[in-house]
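[1] need a 3D model of the following:
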Amino acid sequence: MLCPLCHTQNRDNAKFCKGCGRLLPEEPVGVAQAAQAGQKEQSVQTRQAEGAQGAGQTPSTPPAAQSNQPTPGASGPAEAQPKATPAPESSSPDDISLAPTQILSPQQMVAFHARRWQQELEQKQQETGHEQMDIADVPTMLFTPLAAPPAPTADAKSPDIAEMPTVIMPPHSEDAFNQSASEQPTIYAYSDTSGDTEAVPVPERTEVASEAGSANHSDAAGGSDNTPGQASAPESSTTEQTSSAEETAPSAPEAEEELEHTTQETTNQPVQTQDEGAFPVLAVGTVVGGRYEITQVLADDEQEHLYEVIDHQGYQRCWNCGSDQNAEGDEYCIDCGAALRDASYVMHEYPALESKDQESHVLQGNIVNTLVEQNHTYVIEQPQPTQVAFPNGVHLLAACDSDAGAVRRAEPNEDSTLVLLFERVHESVASPAGIFVVADGMGGHDYGQVASRTTIGVIAEKIVRELLMPPLTAEKAGDTPKELEEEDILQLVQNAVQDANTTLCQINQRDKTDMGSTLTGFMMVGDHAYIFNVGDSRTYMLRDEKLYQLTNDHSLVGQLVAGGLIEPEDVYTHPQRSQIYRSIGDKLNVQIDIFKQQVHPGDILLSCSDGLWEMVRDPQITDILTNAPNPQTACTQLIEAANTNGGEDNVSAVIVFVR
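    The predicted structure follows:
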């Protein structure tokens, strides 16, 4: 059967093309036979015509005319025979856009997007004529920032602290956030300096070179600083060694005799075998059984080694449907269309002693192959798919509260909070969306509360208009609501905070005031929280009774802690702890930290002003959030604890329980 897209010849029982993965059309048997008979008859007539021309005769019927005549013996006229669709110029077996989308592997999808982005980049460079792309145009890169910044050198120019992007995650303990990369928070460092706001990628953390590597590097660098008189020394030494080697080199008969003698001695010696008790870990890149290449070492134990491997002979068994009807060279399964190349599996390695007296290991996934190599047993396992964390959707319980504080009881409360939760349940699946914000106003007199209230109001209006209302409007018109992509959500958060900042700047310019506000909070869409922060208000997450600070303090003491100049505990007592270098309303283009965090059932998110976290330390916050029955009780208990511990500032909290 010929594929109409890539023209690859497939077997008659193939449902999907082995060359491009496309679903093959079901041809009627009569039509297929007629097409084959027509091709055979046409080839015979063509050979007859060529023979006639070679003999000097003129064929009675031109080949072109013969090809248009009905094929004898066909079940129908020539017009009924199927025509092969010509392949587009861009089609190729490696083009992932032609594969069925429901069976694409993650590796193929990453490669496809990388290839598409590269093509867009080259096209843009051709249009603009620039060879290098400005950093503001680089697409957002997701990563987990855990590394400290490099130490400043003596010649380095000290940048303005207000312009420094915050990319350093707060210090955690060694075992903090022991989870997969997809579950860890992702930072987007936003910088708006030219009107068009884009996400600025921050370089990923790099490994520090070892001392031996540094020493070798320094030696190599030092060797290049030789004086002209010293440069000739290596050459003369090499010449002397070469002449000496030529003098001492044995003749051909002597060399053969010496080689034979050495071989005989080596043969008579006992063979050095590896220690039977040794169980070394295989290196990345090792191929086991001629087909399974190790890509990552997952676990190293005395009794078992665990690897992530890719199968270079995936045609022997389809990872998607388990079919064994594919043959070598097939890139896609003929039964389901799944990509067969480099399927990923988990490989268990057991030493030789494991198979004698010890019990068999119980594996959770599907065992697809076992093999023995060099007395080691290898078990290839296809892991079970990850179960959905929220089978019935995400349910959120939210509450907020604010208090003037014990010390400033007679003064206006300059904090403002917002809880805007929109949650619907369709077909027994909950789909939440909402915004949760804490704003701490500044400016004295009556301007502090105006600043925080204005900030909250602008953000709420933006979210309602662009996040909550469009689905309702589309359903009312009978259309399908558009699902927001991650880029759209990030841009919405960025624009909402930027609009609040612009509004405060305009009020300050109009009324000759100097008010501002710190801001922190998060927007929930499904099972992802998009955390934002400007200033020294904080957002925390409690998971498995461990408290994680998800935001960075844009304050002087925060920078001192990040630079290792003071200890984290000093932020509570430092005399300059109230000085911040970034706030809403300070300047038109404010830099906003935006983090992405996937939530799990049982997580608790807390956004609070500095009046809470300065009075209530992390262990007490953890205890209150862990034992509180609901978010409203947790808010009340946290505010009471802050006032009991001094209550030196306004205290505000927004808490969301994930269920």
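
[2] would you map the helices across the stretch 301-450 of the chain?
    Remark: helices assigned in the stretch 301-450 of the chain by DSSP state H, counting those that start in this stretch are 447-463.

[3] should've said the chain
    Under the criterion DSSP state H, the chain contains helices at 29-54, 63-68, 106-128, 211-223, 228-231, 233-248, 252-268, 447-463, 469-476, 486-511, 556-562, 610-613, 618-627, 631-644.

[4] tell me which residues touch the residue lying closest to Arg291 once chain neighbours are set aside, please.
    Once flanking residues are discounted, Arg291 sits nearest to Gln313: 4.1 Å by CB to CB, 6 or more residues apart in numbering. Heads up, the C-betas are built off the backbone N, CA and C, glycines and all. Contacts for Gln313 were tallied using CB atoms under 8 Å, 6 or more residues apart in numbering; they are 290-291, 328.

[5] minimum pLDDT in those, which residue is that?
    Minimum pLDDT across the contacts of Gln313 is recorded for Glu328, with 86.

[6] now do it against Lys18, distance only.
    Here Glu328 is placed at a distance of 10 Å from Lys18 (CB to CB, to the nearest Å).

[7] again, but for Ala460
    Going from Ala460 to Lys18 by CB to CB gives 55 Å.

[8] just the buried residues of the contacts of Gln313.
    By neighbour count, with 16 or more other CB atoms under 10 Å, the contacts of Gln313 hold Arg291 as buried.

[9] let me know the closest of the contacts of Gln313 to Ala628.
    Closest approach between the contacts of Gln313 and Ala628, by CB to CB: Arg291, at 54.1 Å.

[10] surely the closest one touches Arg317?
    No: using CB atoms under 8 Å, Arg291 makes no contact with Arg317, being 10.8 Å away.

[11] quick one, what contacts Thr455?
    416, 437, 439, 441, 500, 503-504, 517, 519, 584-585.

[12] span of stretch 581-590 from start to end?
    Separation of the first and last residues of stretch 581-590 by CA to CA, to the nearest Å is 11 Å.

[13] what's the answer for stretch 400-414, then?
    Start-to-end span of stretch 400-414 (CA to CA) is 15 Å.

[14] list the contacts of that stretch.
    With contacts defined as CB under 8 Å, 6+ apart, stretch 400-414 is touched by 415-419, 436, 438, 440-442, 446, 448-449, 451-452, 611, 632, 635-636, 639, 642-643, 646-655.

[15] contact partners for Leu396?
    Contacts of Leu396 (CB under 8 Å, 6+ apart): 421, 423, 432, 434, 524, 656-659.

[16] closest one of those to Ile489?
    Closest approach to Ile489 among the contacts of Leu396 (CB to CB): Met524, at 10.3 Å.

[17] burial check on that closest one, number of neighbours?
    Burial of Met524, expressed as a neighbour count using other CB atoms under 10 Å, amounts to 23.

[18] tell me the contacts of it?
    The neighbours of Met524, taking CB under 8 Å, 6+ apart as the test, are 394, 396, 421, 432-436, 530, 599, 656.
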